[in-house]
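Colleague: here is a sequence with its predicted model. Questions after.
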Amino acid sequence: VVEVLTTVGAMRAALSEWRRAAKTVGFVPTMGYLHDGHLALVRRAGQENDIVVASIFVNPLQFGPKEDLARYPRDFERDSKLLEAAGVTAIFYPDASEMYPPDFSTSVEVSRVSEGLEGGVRPGHFRGVATVVSKLFNIVTADKAYFGQKDAQQIAVIKRMVRDLNFGIEIVVCPTVREKDGLAMSSRNVYLSAEERRAAPVLRIALEAAARLWHEAPEQRNGENLRKIMQAVLDSESLANPDYVSAADPASLQEYAAEIPSGNGVLLSLAVRFGATRLIDNMLIEG
Ligand code: PAF
């Protein structure tokens, strides 16, 4: 059976035992309410490491005051069964007081890549993510950590942080896992009404329209055209309220203005609200 460790001390003790036995460790950080996207990360970690640790922690620091922390979906029983079946060795499952003592005072801020897109709409979000991921990487000292491409800006922020602060961990990015109709899997999809759920694949359709323009009309490849075509697809769906559409440099996340330097790729990304539910998706086209 999968081991459930709720304290930093117990997690560290398990790690030193695995290290003594010269085991490699893969780490999958999550906020729980797992879907097939998370389980794909776990399976990949299992292929590449002797030991797989998953964490489940709904991190209060990365939620804004008006966001969905209190109603964020939770189901530890179900999650632990899924993780066990997917081959996880141990689950790190701390409570908020274990992670944040009352006088907790430190935060990790990754400037620039944190600022636009999700960071622009959700001020402080990536400070919360970078802070908790630093803590988790210091507690679960793994060889590799696994993240989904779905959160493209989170990956850019974490990669930059790992490089800048010399964390000795390799970041492995895994493809977004989708429902049959193209909707990216997300723990937040459960909030959608039936009607919103039917409309939600419009995110993927918008990204595909921009990708088609990129591949089929290279002379029209510029930031403005790519954003315009995504916006037009979203405008055709009355339930979709876009927060942003973006065509940006994949490493710096700087928005492309007009011309895209030849040889550069593009990160197409968007955030769209359906009622009170906010969905994100992206597509990375390599240069
Ligand atoms: O991607 C997530 O689920 C969270 O942002 C993470 C990386 C677990 C940090 O809380």
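Modeller: Sure thing, it's come through.
Colleague: can you pull out the strands in this structure?
Modeller: In the chain, the segments counted as strands under DSSP state E are 3-5, 25-30, 51-56, 90-92, 144-148, 170-174, 241-248, 266-274, 277-285.
Colleague: put together TSV for the ones you listed, with mean pLDDT, mean neighbour count and distance to E109 on each row.
Modeller: (C-beta placed from N, C-alpha, C; glycine too.) Converted to TSV, the strands of the chain look like this (pLDDT from 0 to 100; neighbours: other C-beta atoms under 10 Å; distance: least, C-beta to C-beta, whole Å):
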stretch	mean pLDDT	mean neighbour count	distance to E109
strand 3-5	98	17	29
strand 25-30	98	26	19
strand 51-56	98	26	22
strand 90-92	98	24	24
strand 144-148	98	22	19
strand 170-174	98	16	19
strand 241-248	97	20	20
strand 266-274	98	23	22
strand 277-285	97	20	21
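Colleague: which one of those strands lies nearest to the ligand?
Modeller: Ranking the strands of the chain by their distance to the ligand (criterion: C-beta to the nearest ligand atom) puts strand 25-30 first, at 4.0 Å.
Colleague: hmm, who's touching that closest one?
Modeller: Residues from elsewhere that reach strand 25-30, judged by C-beta atoms under 8 Å, 6 or more residues apart in numbering: 15, 18, 38, 41-42, 44-46, 48-57, 88, 133, 136-137, 140-147, 169.
Colleague: which residues of the stretch 151-287 of the chain lie near the ligand?
Modeller: Within the stretch 151-287 of the chain, the positions lying close to the ligand (C-beta under 6 Å from any ligand atom) are 151, 154.
Colleague: would you map the helices across the protein?
Modeller: In the chain, the segments counted as helices under DSSP state H are 8-20, 36-48, 76-85, 96-99, 117-121, 125-139, 152-164, 194-199, 202-216, 223-235.
Colleague: now do the second one against helix 76-85, angle only.
Modeller: Read that as helix 36-48. Per axes from the mean of the first three to the mean of the last three C-alpha atoms, to 10 degrees, the angle that helix 36-48 makes with helix 76-85 is 30 degrees.
Colleague: would you mark the buried spots in helix 36-48?
Modeller: 37-46 (16 or more other C-beta atoms under 10 Å).
Colleague: a markdown table for those residues, including pLDDT and distance to L82?
Modeller: Below are the buried residues of helix 36-48 laid out as a markdown table (pLDDT from 0 to 100; distance: C-beta to C-beta, whole Å):
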| residue | pLDDT | distance to L82 |
| --- | --- | --- |
| G37 | 97 | 12 |
| H38 | 98 | 8 |
| L39 | 98 | 6 |
| A40 | 98 | 12 |
| L41 | 98 | 12 |
| V42 | 98 | 9 |
| R43 | 98 | 11 |
| R44 | 98 | 15 |
| A45 | 98 | 14 |
| G46 | 98 | 13 |
